[in-house]
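>>> what's the 3D shape of this:
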Amino acid sequence: MSGDPGSNSHRHSRGVRVLLDATPLLGQRSGIGRYTAALVRELATRSDVEVTVTAFTARGQAALRATVPSGVGVRGGPVPGRVLRALWHRTNWPPTELLAARADVLHATNFVLPPSTRSRGVVTVHDLAFLDHPEFLAPPQRQLPDLLRRSVARAAVVCTPSATVARQVAHRLDIPAERIVVTPLGVDPAWSSTSPPSPALRARLRLPLRYLLFVGAAQPRKGLDVLLDAHAAHPDLAPLVLAGPTGWGPTLRASSRVHTVGYLDEADLRCVVAGAAALVLPSREEGFGLPVLEAMAAGVPVVCSDLPALREVAGGLATLVPPGDPAALAAALASVDGAGHDPVSAAARQAHAARYTWQACAQATVHAYRKARDFIGEYP
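This is a model prediction of the structure:
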C-alpha cells in the first residue's frame, strides 16, 4: 500500500494513534513485561500519542484493564494466543483490525508483529540469540524464528534495546539501518534509593546475611548451570540467592549454600538486589541486561558475561568474564565477594545507571512511531 503525501499535514496535526500489544503485562512479568509496563506508563503521560492496548491471549482483556494506567484504552476480547501464532506463522490473517482496533501504528512489544490492513507496524526485537540456539526457547516458542522473520519483513520500523541488537538485526535479518530505532531501556528512580532487606523480609525469604545474587528465569540462555558449577567449586564464596520465575533450565541442586526465592514483586526485588554483595549475570547471550543496570542503580557490584550488549550497558563498570567459563566466573566472584563496599565505585555505578530513563525510552519509541506512521512508499 503506497503512502499518501497529501495527507501528511493532517497526520502531523494530531498525536499518533497507537495500538500496543500489552500481552507481556499478564502473569509474572519478565524483563519484557517490565519494559512493556514502564513504556505504557510513560506513553500515558504524553500528549503526542494516543495509546490503546490489547492482549493476544485467551486470558483476555479483563485482567489487562487492571494493569494499565488510567486513561489508557483497552480493546479486544479473549483470543487463543497459540492459535493466532499458528495462523500468523502461515498467513496474514486475521488482521488486528478484526481483533482489537484501528490505529496509525501497531506496536508489537515482544518479537511478533501481527498482520494489519492499515496500521504501520513497529516491532521490538529484544535479542537474536534464538536464531543460532533454538534450545534457548521454551518448547511452545519454537516457531519464534520464523515468526520473527515475517514480523520484521512486515514492519515499517524495528525497535531494539541496544545498538548491539540493532547491528545484529541489520546484519542477520537484512533490515536497512534507517528502519531501525534504538530504544534503550530505563531504570526506575526508586532503585537508587532502595534499602537492603528489612529483618522481616530477610526472615520471610530466608536470606543469608551476605549473599551473591542471580536475577532471571532459569533458562539455558542465562547460564545458570555455569554459575552453579562455579559456586559449588568454591565453598568459601558467600551463599548464592536465585531470584526469578520458574524456567526450563538446569535442575537446581539442593544445597545449604544455594537459596531459591522465586519470583519477587518489584518492591521486594529492589530490596534483595540492594542487599547483595554482587549481582551475577553469567548469560550466554543478552540483548540488553536490565538486571545489570538496576543493580548498578542500587550501587551494587556486577559480575557478568563479556558479551557485546552487556559491555554496552555496563559502560566499563562491571567485572566481565568469558561466557561459559566456570573457573573464570568463580575467580571474579571471589574477587568481588572479598572486596567490601567501595562508596566511590558505588557512586560511579549509580551515576552511570541514572543516564538510562524510561522517559528517554518512551521518547525514542515515539520517534519510531512517527517514523512508521509517516513511512512513504510501498508498505513493507
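>>> Show me how the protein divides into domains.
Domains of the chain are assigned by automatic domain parsing as 5-186+358-373, 189-353.
>>> how about the host helix or strand of Arg202: buried residues?
Following DSSP states H and E, one finds Arg202 within helix 199-205. Across helix 199-205, burial judged by 16 or more other Cβ atoms under 10 Å covers Leu201, Arg202, Leu205. In short, each C-beta sits where N, CA and C put it, glycine included.
>>> quick one, longest helix in this structure?
If you go by DSSP state H, the chain has its longest helix at helix 358-373.
>>> Just the mean pLDDT for it, thanks.
For helix 358-373, mean pLDDT rounds to 97.
>>> Stretch 36-45 now?
96.
>>> Show me what that stretch is in contact with.
18, 20, 22, 24-25, 29, 49, 51, 53, 67-72, 109-110, 185-186, 188, 358-359, 361-362, 365-366 (Cβ atoms under 8 Å, 6 or more residues apart in numbering).
>>> which of those count as buried?
18, 20, 22, 24-25, 29, 49, 51, 53, 67-68, 72, 109-110, 185-186, 188, 358, 361-362, 365-366.
>>> In contact with Phe214, which residues?
The contact partners of Phe214, by Cβ under 8 Å, 6+ apart, come to Lys222, Leu224, Leu227, Leu240, Val241, Leu242, Ala243, Gly244, Leu279, Val280, Leu281, Pro282.
>>> neighbours of the fourth one, just the number please.
When neighbours are defined as other Cβ atoms under 10 Å, Leu240 has 22 of them.
>>> swap in the first one?
By other Cβ under 10 Å, the residues close to Lys222 number 26.
>>> What of the second one?
Residues lying near Leu224 (other Cβ under 10 Å) number 23.
>>> Distance of it relative to Pro161?
Using Cβ to Cβ, to the nearest Å, Leu224 is found at 22 Å from Pro161.
>>> The first one now?
From Lys222 across to Pro161, the span is 16 Å (Cβ to Cβ).
>>> Kindly report the same for Gln350.
For Gln350, the distance to Pro161 - Cβ to Cβ - is 21 Å.
>>> Mind checking which of those two has more residues around it?
The neighbour count for Gln350 versus Pro161, taken as other Cβ under 10 Å, is higher for Pro161 (27 against 19).
>>> residue contacts, that one?
Taking Cβ under 8 Å, 6+ apart, one finds Tyr35, Thr124, His126, Val182, Thr183, Pro184, Leu185, Gly287, Phe288 in contact with Pro161.
>>> can you check Leu213 too?
Leu240, Val241, Ala243, Val272, Val273, Ala276, Ala277, Ala278, Leu279, Val280, Ala295.
>>> Got the phi and psi for it?
phi -130, psi 130 (degrees, to the nearest 10).
>>> Can you check what pLDDT the model gives it?
pLDDT, Leu213: 98.
>>> Quick check: the gap between the closest residue to it other than its chain neighbours and Ser192.
Of all residues not flanking Leu213 in the chain, Ala276 sits nearest, at 3.8 Å (Cβ to Cβ, 6 or more residues apart in numbering). For Ala276, the distance to Ser192 equals 15 Å [Cβ to Cβ].
>>> Tell me which of the two has more neighbours.
The neighbour comparison of Ala276 against Ser192 (other Cβ under 10 Å) goes to Ala276, with 25 against 19.
>>> Surely the more buried one touches Leu209?
No - Ala276 is beyond contact range of Leu209, at 11.5 Å (criterion: Cβ atoms under 8 Å).
>>> for Thr260, helix, strand, or coil?
Three-state call for Thr260 (DSSP: H, G, I helix; E, B strand; the rest coil): strand.
>>> List the buried residues of stretch 211-223.
For stretch 211-223, by 16+ other Cβ under 10 Å, it's 211-223.
>>> what about Val79, how many residues close to it?
The tally of other residues near Val79 (other Cβ under 10 Å) stands at 19.
>>> give the contact list for it.
So Val79 contacts Phe56, Thr57, Ala58, Gly60, Leu99 (Cβ under 8 Å, 6+ apart).
>>> low-scoring pLDDT stretches of this protein, where are they?
1-14, 60-61, 139-140, 248-254, 376-380 (pLDDT under 70).
>>> Would you map the strands across the chain?
16-21, 49-54, 73-74, 105-108, 120-124, 157-160, 180-182, 212-215, 240-243, 258-262, 278-281, 302-305, 319-321 (DSSP state E).
>>> can you map out the helices along the stretch 51-200 of the chain?
62-65, 81-90, 96-99, 129-132, 144-154, 163-172, 199-205 (DSSP state H, counting those that start in this stretch).
>>> who's in contact with the last one?
In this case it means helix 199-205. By Cβ under 8 Å, 6+ apart, the list of residues contacting helix 199-205 reads Pro197, Leu207, His259, Val261, Asp268, Cys271, Val272, Gly275.
>>> I'm done for today, thanks for sticking with me.
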